[in-house]
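In: Fold the following.
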Amino acid sequence: MEDMFIGRSQHKIDDKGRTNIPVKMRVADKGLMYSDFIITKGMNGCLALFPEYNFEKFIENFDPTPLSEEEEVYFNREFFSYAHSVSVDGQGRVKIPPLLLSEANLDTDVLILGANYWIEFWNPEDYARFKDTLTVPYEQVAKYLFASFKRKKKEPQNRQEENENSGDLPPSGHDQGGR
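Out: From the prediction side, this is the model:
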């Protein structure tokens, strides 16, 4: 199973541009700790922090098909030119490059969000404004995730239950028309 980044916390950024990454977001598979990350521009004004391995997989899985050639070139220029390698120091901090601090409007406080395959760094006020601009409430999109879990839970446990629940097959023990 791939690592998943979850949780949220708020931290300070020191005068050297360093901030702590929560321990739970640095723990990799089998209890190992991530120490090397790639940080770059994310979406909607945040920064995206990827463990190096996840960054490479993210790039390998990038499908530019929906983009025009111009959009793809622009995305590549922005995404990769802002990307920086950062390492976790002995106190669990990473140093955010000044260019990225400015890009994400980060000064003294940073909201750190687990976003499944990556970690996001947000200016807390910008994140609150971003949430206020959303036209679709969380509940409307969350119902799909919760409904998929419910469907999966209701899947037949065995072949007999599957046959009994199928609209195409008669329940077991019933005559199947002349056999």
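In: going forward, measure contacts between C-alpha atoms and count neighbours the same way
Out: Noted.
In: what ranges do the strands span in the chain?
Out: Secondary structure of the chain (DSSP state E): strands at 8-12, 18-20, 36-41, 47-51, 84-87, 93-95, 109-114, 119-122.
In: Would you mind telling me which of the ones you listed is nearest Leu67?
Out: Leu67 sits nearest to strand 36-41 of all these, at 18.2 Å, using C-alpha to C-alpha.
In: Can you give the contact residues for that closest one?
Out: The list of residues contacting strand 36-41 from outside it, by C-alpha atoms under 8 Å, 6 or more residues apart in numbering, reads 47-52, 55, 78-80, 82-88, 96, 100, 103-104.
In: Can I get the buried part of the residues you listed as one PyMOL selection?
Out: In PyMOL, this line selects whichever of the contacts of strand 36-41 come out buried by 16 or more other C-alpha atoms under 10 Å:
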select buried, resi 47+48+49+50+51+52+55+82+83+84+85+86+87+88+96+100+104
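In: shouldn't Leu49 be in contact with Ile119?
Out: Yes - if you go by C-alpha atoms under 8 Å, Leu49 and Ile119 touch, sitting 5.0 Å apart.
In: Just send the strands of the chain back as CSV, with mean pLDDT and distance to Glu60 too.
Out: Shown next, in CSV, are these (pLDDT from 0 to 100; distance: least, C-alpha to C-alpha, whole Å):
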stretch, mean pLDDT, distance to Glu60
strand 8-12, 97, 27
strand 18-20, 98, 28
strand 36-41, 96, 15
strand 47-51, 96, 14
strand 84-87, 98, 18
strand 93-95, 98, 25
strand 109-114, 97, 21
strand 119-122, 98, 18
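In: so which of those strands comes closest to Lys143?
Out: Between Lys143 and the strands of the chain, the shortest gap by C-alpha to C-alpha is with strand 109-114, which sits at 20.0 Å.
In: could you check the angle strand 8-12 makes with the closest one?
Out: 150 degrees (axes from the mean of the first three to the mean of the last three C-alpha atoms, to 10 degrees).
In: so what does strand 109-114 touch, helix or strand wise?
Out: Packing partners of strand 109-114 (3 or more C-alpha pairs under 8 Å, 6 or more residues apart in numbering; DSSP states H and E): strand 8-12, strand 119-122, helix 124-133.
In: May I have the lengthiest helix in the chain exported as PDB, CA atoms only?
Out: As assigned by DSSP state H, the longest helix anywhere in the chain is helix 138-154. Backbone C-alpha positions of helix 138-154 (Å, rounded to 0.1, in the frame of the first residue of the first chain) are rendered in PDB as follows:
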ATOM      1  CA  TYR A 138     -17.700  19.400   0.900                       C
ATOM      2  CA  GLU A 139     -20.800  17.300   1.700                       C
ATOM      3  CA  GLN A 140     -21.800  17.200  -2.000                       C
ATOM      4  CA  VAL A 141     -18.600  15.700  -3.100                       C
ATOM      5  CA  ALA A 142     -17.900  13.600   0.000                       C
ATOM      6  CA  LYS A 143     -21.100  11.600  -0.600                       C
ATOM      7  CA  TYR A 144     -19.400   9.900  -3.500                       C
ATOM      8  CA  LEU A 145     -16.600   8.600  -1.400                       C
ATOM      9  CA  PHE A 146     -18.800   7.400   1.400                       C
ATOM     10  CA  ALA A 147     -21.300   5.900  -1.100                       C
ATOM     11  CA  SER A 148     -18.500   4.000  -2.800                       C
ATOM     12  CA  PHE A 149     -17.500   2.500   0.600                       C
ATOM     13  CA  LYS A 150     -21.100   1.500   1.200                       C
ATOM     14  CA  ARG A 151     -21.400  -0.100  -2.200                       C
ATOM     15  CA  LYS A 152     -18.100  -2.000  -1.700                       C
ATOM     16  CA  LYS A 153     -19.300  -3.200   1.700                       C
ATOM     17  CA  LYS A 154     -22.500  -4.600   0.100                       C
END
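In: No further questions, thank you.
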